[in-house]
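# Pasting the sequence and the predicted coordinates here, then a few questions.
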Amino acid sequence: MKRWIMVLPLAVFLLVAVFLYRGLYLDPAELPSAMIGKPFPSFSLPAVEGEKTLTQADLLGKPALVNVWGTWCVSCRVEHPVLNKLAEQGVLIYGVNYKDDNAAALKWLKDFHNPYQLNIRDEQGTLGLDLGVYGAPETFLIDAKGIIRHKFVGVVDETVWREQLAALYQGLVDEVRP
């Protein structure tokens, strides 16, 4: 019996060590999303700019990136020039200004330019909650029917765009072309 008591802590330690070692090789940007393959959640929220109310129907018709951002998000500032460049190249991008002050969002867009075709004001975070957002930035790829096809957590930089998202986006664009 004493021998078993001496071996038990070693066995527990080895088990924990195996789990921690496995975690070293996981990609933190690959957070699974229950929303993949499902329609973009229904919403009715104001636009960041103007008085228009936006709904899920406003996102239909063309494949797009839906970028969750906030002025309080340091990583969003790093990502923003890349989004501007993608928008200049014709990539359709919608914004979800997440848990933010609208005056700060308007100033941000004036100072750093606006890559978003539509920009949803989600001050309370309800749309973010429905999307399963952990924070910002997070970017979703939706198809022309508004189905979420991919989720990326973290900064979309030129490498992420080139190596992960560009081909997925182009594939969705190609699906729409006759």
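Cool, the structure landed.
# so how far does stretch 162-171 reach from one end to the other?
Terminal residues of stretch 162-171 lie 13 Å apart, using CA to CA, to the nearest Å.
# buried residues in that stretch?
Leu165, Tyr169 (16 or more other CB atoms under 10 Å). Where you see a C-beta, it was placed from the backbone N, CA and C, and this is true even at glycine.
# and it, how far out from the chain's middle?
15 Å (CA atoms, centre = their mean, to the nearest Å).
# any idea of the mean pLDDT in that stretch?
Mean pLDDT, stretch 162-171: 97.
# which outside residues touch that stretch?
Pro63, Leu65, Val91, Thr139, Leu141, Arg149, His150, Phe152, Val156 (CB atoms under 8 Å, 6 or more residues apart in numbering).
# Over to stretch 140-155?
Residues outside stretch 140-155 that contact it (CB under 8 Å, 6+ apart): 28-31, 33, 35-40, 56, 59-66, 68, 75, 78-79, 131, 134, 137-139, 160, 164-165, 168-169, 172, 175-176.
# quick one: low-confidence ranges for the protein?
1-4, 6, 11-12, 14, 16-33, 178 (pLDDT under 70).
# Fine by me, thanks again.
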